[in-house]
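*Asks:* Return atomic coordinates for the entry below.
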Amino acid sequence: MPALHFMSQGVKVSVSAGTRLLDAARQAGIAIEAPCDGTGTCGKCRIKIHAKDRRGWEESAHDLLTQFERDAGWALACQTTVHGDLQVEVEPPVTRELKILSDGQAVAVEIDSWVGKTFDEAAATTTVVFGGTPVFTEPGDTTHSLYGLAVDIGTTTLVVSLFDLRDGREMAVTSSLNPQTRYAQDVLSRIKLASKPEGLETLHGELITELNRQIAAAAAEAGISTGHIYEAVFSGNTTMMHLATRTDPASLGKYPYTPALRGGDHLRAHDIGLAISSRGIVYLPPIMSAYVGGDITSGILATSLAEQPGVVLFVDIGTNGEMVLAVDGELKATSTAAGPAFEGMNIACGMRASRGAVEMVSLSDAGVEVKTIGDSEAVGLCGSGLLDVVGELAAHGGVDKKGRFQTNGATRSQAWSNRWDAIDGKPVFRIAGPVYLSQKDVRQVQLAKAAIRSGIELLLQAHQLTASQVDRVLIAGSFGFHLRTASLIHLGLLSPEFGERVEFVGNTSKTGAQAFLLNRSRREFMREVVRQVNVVELANDPAFEKTFVQSLSF
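*Replies:* Alright, predicted model coming up:
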């Protein structure tokens, strides 16, 4: 059996000939980031092989590495099989502080939580009450210790907020990367992985372990015991809710895409391993469909969308694009698979929104202005920077309407014309330092933005409305908060008519969860709202393909 030596970690393991390096690393307990779940599309699982005999390994054909990188011994772990003894170098993951948005527009609610307490002076015990029903008692007077959690479980990031349920005060907030991204970046990849029992256990276990770490950190910051946290509200898309509750998501990946859970109810925190009170509970907001989940329900609540007059469009931009159109409180919702490009995946220099990521690009007669997160040296390109640079090139003639680079002609007269270059004979646009944009990156943006624009257009058509009749456009989500309206319009992701009507409302998944946590009457109200939402399934719409093709243009 071939022997592998993972040099940086000092770990040796023997595997069968033909084993993928990615699987061998996992067998050895070494984490290699593979957000496409090893399908060979993201190019992030790079490893360096030190071997004099090239017959010891074999790599499948792909175009995610340059010839220079291959000559230097770099390969993709998911595309490389082992056939002889190898020494492998796996670079430890660079720990960078992620830029995660934990705030957003919030609705004012009366403090009336699901969990309450009453003290019996005669018995010297405190009764914990759930939904008006006494459930268990605690010794002594603990009425002063009554806490809950609003938890935003995003596909990419996690936010945990600790609240005092007596007065609604936010006591601590923690956030982190969702550890599931190491195994699969988008929801479709996670559904596929978690449709097998061992995959579900892995993804669920990784998530709960990280949530428990954050809960402990929040409790320590606030100076309270996790045993006095009695309820958590989980807000996330439908796939995330299945994984968080250890529910098989297989039905989400095949027609007719029926969720195995619908939300609007509680489960025991102990049953899913959540480290709060031993009798604690978890509330899941009601779910609209397989791809319009509880995070959008929370967004509707946080923005009072069902109570807004006029025409209001709510859009959550991410790996999935979910949108809700409200016409005097009547709601239609849909979703589109935008893919991981907005998260910096499948992009040549793509990365998440952390220190050193290019987050803003502006082109002008003076040249190129670039802003990075933390004002650090540029090391990659995150989603907002990606949309900025493509949008700016589209606005200034560097990219034509079909998305093709225009490296000659009018662009040569621009102050940034010297940014055009070539790698492996293919044109690229140099942004800053080692960071560049490729023609393939532009195509990824085209596909992602066309998916979202198509959903918006078809929702409007379902109401027989045009873009000019929309009064307000609410852009939600951590990613959306860092975007610029001009870039979205230059790209064609949003209609030019929206213009000044765009508002960035932030992380409404978290603030909606907060409202659910602090006011129990909002739960029944939103359950009824969700029952009345008309979910438009774009896969069944004969106009989708035509609209999508039209939306590819810049």
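*Asks:* Please identify which helix or strand holds residue 193.
*Replies:* helix 187-194 (DSSP states H and E).
*Asks:* Show the average pLDDT along that helix.
*Replies:* Helix 187-194 shows a mean pLDDT of 92 in the predicted model.
*Asks:* any idea of the angle whichever helix or strand comes after that helix forms with helix 187-194?
*Replies:* Later in the chain than helix 187-194, the nearest helix or strand by DSSP H and E is helix 197-222. Angle, helix 197-222 to helix 187-194, by axes from the mean of the first three to the mean of the last three C-alpha atoms, to 10 degrees: 110 degrees.
*Asks:* Give me the buried positions along helix 197-222.
*Replies:* 199-200, 202-204, 206-208, 210-215, 218-219, 222 (16 or more other C-beta atoms under 10 Å). Bear in mind the C-beta positions are built from the backbone N, C-alpha and C, glycine included.
*Asks:* Helix or strand next in line after it, which one?
*Replies:* Once the chain leaves helix 197-222, the next helix or strand it forms, by DSSP H and E, is strand 229-236.
*Asks:* Which strands and helices lie in contact with that next one?
*Replies:* If you count contacts as 3 or more C-beta pairs under 8 Å, 6 or more residues apart in numbering; DSSP states H and E, strand 229-236 packs onto strand 147-153, helix 238-244, strand 281-284, helix 294-302, helix 508-518.
*Asks:* what would the ones you listed look like in a markdown table with mean pLDDT, distance to residue 64 and mean neighbour count?
*Replies:* Below are the helices and strands packed on strand 229-236 laid out as a markdown table (pLDDT from 0 to 100; distance: least, C-beta to C-beta, whole Å; neighbours: other C-beta atoms under 10 Å):
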| stretch | mean pLDDT | distance to residue 64 | mean neighbour count |
| --- | --- | --- | --- |
| strand 147-153 | 98 | 30 | 28 |
| helix 238-244 | 98 | 26 | 27 |
| strand 281-284 | 98 | 38 | 23 |
| helix 294-302 | 97 | 31 | 30 |
| helix 508-518 | 97 | 32 | 29 |
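*Asks:* Output those as a markdown table; include the columns distance to residue 426.
*Replies:* Below are the helices and strands packed on strand 229-236 laid out as a markdown table (distance: least, C-beta to C-beta, whole Å):
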| stretch | distance to residue 426 |
| --- | --- |
| strand 147-153 | 38 |
| helix 238-244 | 35 |
| strand 281-284 | 47 |
| helix 294-302 | 38 |
| helix 508-518 | 38 |
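*Asks:* Residue 83: which of the ones you listed is closest?
*Replies:* Among the helices and strands packed on strand 229-236, the nearest to residue 83 by C-beta to C-beta is helix 238-244 (35.3 Å).
*Asks:* just the CA coordinates of that closest one, formatted as CSV?
*Replies:* Extracted in CSV, the C-alpha atoms of helix 238-244 (Å, rounded to 0.1, in the frame of the first residue of the first chain):
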residue,chain,number,x,y,z
THR,A,238,-34.2,25.1,4.5
THR,A,239,-31.1,23.0,4.0
MET,A,240,-29.4,24.5,7.0
MET,A,241,-32.4,23.8,9.2
HIS,A,242,-32.3,20.1,8.1
LEU,A,243,-28.6,19.8,8.8
ALA,A,244,-28.9,21.7,12.2
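*Asks:* partner strands of the very next helix or strand once past that helix, parallel or antiparallel?
*Replies:* Counting by DSSP H and E, the next helix or strand C-terminal to helix 238-244 is strand 265-268. Partners of strand 265-268 in the sheet, by DSSP bridges, are strand 281-284 (antiparallel).
*Asks:* got the contact list for the partner strand?
*Replies:* Contact partners of strand 281-284, identified using C-beta atoms under 8 Å, 6 or more residues apart in numbering, comprise 114, 130, 230-234, 241, 245, 261, 263-269, 272, 274, 294, 516-517, 523.
*Asks:* who touches the closest residue to residue 72 other than its chain neighbours in this structure?
*Replies:* Spatially, and ignoring its direct neighbours in sequence, residue 72 is nearest to residue 48 (7.5 Å; C-beta to C-beta, 6 or more residues apart in numbering). Contact partners of residue 48, counting by C-beta under 8 Å, 6+ apart, are 72-75, 88-89, 91.
*Asks:* one more time with 6 Å
*Replies:* The contact partners of residue 48, taken as C-beta atoms under 6 Å, 6 or more residues apart in numbering, are 73-74, 89.
*Asks:* Got a quick PyMOL command for the buried subset of those residues?
*Replies:* In PyMOL, this line selects whichever of the contacts of residue 48 come out buried by 16+ other C-beta under 10 Å:
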select buried, resi 74
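*Asks:* Make a markdown table out of the contacts of residue 48 and add pLDDT, distance to residue 527 and secondary structure.
*Replies:* Converted to a markdown table, the contacts of residue 48 look like this (pLDDT from 0 to 100; distance: C-beta to C-beta, whole Å; DSSP: H, G, I helix; E, B strand; the rest coil):
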| residue | pLDDT | distance to residue 527 | secondary structure |
| --- | --- | --- | --- |
| 73 | 76 | 57 | coil |
| 74 | 80 | 52 | strand |
| 89 | 81 | 53 | strand |
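*Asks:* Could I get the contacts of residue 48 in JSON lines, plus columns for distance to residue 306?
*Replies:* Output for those, formatted as JSON lines (distance: C-beta to C-beta, whole Å):
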{"residue": "73", "distance to residue 306": "57"}
{"residue": "74", "distance to residue 306": "52"}
{"residue": "89", "distance to residue 306": "55"}
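*Asks:* which one among the contacts of residue 48 gets closest to residue 169?
*Replies:* Among these, and counting by C-beta to C-beta, the member closest to residue 169 is residue 89, at 49.1 Å.
*Asks:* The closest one against residue 7, yeah?
*Replies:* Yes: under the criterion of C-beta atoms under 6 Å, residue 89 makes contact with residue 7 at 5.1 Å.
*Asks:* what does the helix or strand of the chain with the lowest mean pLDDT contact?
*Replies:* Counting by mean pLDDT, DSSP states H and E, the chain has its least confident helix or strand at helix 67-71, which shows a mean of 72. The contact list for helix 67-71 (C-beta under 6 Å, 6+ apart) reads residue 424.
*Asks:* Tell me which helix or strand comes right after it.
*Replies:* Under the assignment DSSP H and E, the closest C-terminal helix or strand after helix 67-71 is strand 74-76.
*Asks:* Adjacent strands (with direction) for that following strand?
*Replies:* strand 46-50 (antiparallel).
*Asks:* need the next SSE after the partner strand, C-terminal direction.
*Replies:* strand 57-59.
*Asks:* List of residues touching that next one?
*Replies:* Identification of contacts with strand 57-59 by C-beta under 6 Å, 6+ apart yields 49, 75, 79-82, 86.
*Asks:* In it, which residues are buried?
*Replies:* Buried residues in strand 57-59, counted by 16+ other C-beta under 10 Å: 57, 59.
*Asks:* roughly how far is it from the heart of the chain?
*Replies:* 33 Å (C-alpha atoms, centre = their mean, to the nearest Å).
*Asks:* Likewise for stretch 360-368?
*Replies:* A distance of 29 Å separates the centroid of the chain from that of stretch 360-368, by C-alpha atoms, centre = their mean.
*Asks:* Can you list the buried residues in that stretch?
*Replies:* So, applying 16+ other C-beta under 10 Å, buried residues of stretch 360-368: 360-363, 368.
*Asks:* circling back: out of the contacts of residue 48, who's nearest residue 537?
*Replies:* residue 74 (42.6 Å).
*Asks:* On the strand side of things, show who the closest one bridges to.
*Replies:* Note on residue 74: beta-bridge partners residue 48, judged by DSSP bridges.
*Asks:* ok, now how distant is it from residue 155?
*Replies:* Distance check for residue 74 against residue 155: by C-beta to C-beta, to the nearest Å, it reads 28 Å.
*Asks:* Dump the buried residues of stretch 360-368 to TSV, plus secondary structure, distance to residue 433 and pLDDT.
*Replies:* Converted to TSV, the buried residues of stretch 360-368 look like this (DSSP: H, G, I helix; E, B strand; the rest coil; distance: C-beta to C-beta, whole Å; pLDDT from 0 to 100):
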residue	secondary structure	distance to residue 433	pLDDT
360	strand	15	93
361	strand	13	94
362	strand	17	92
363	strand	17	91
368	strand	12	92
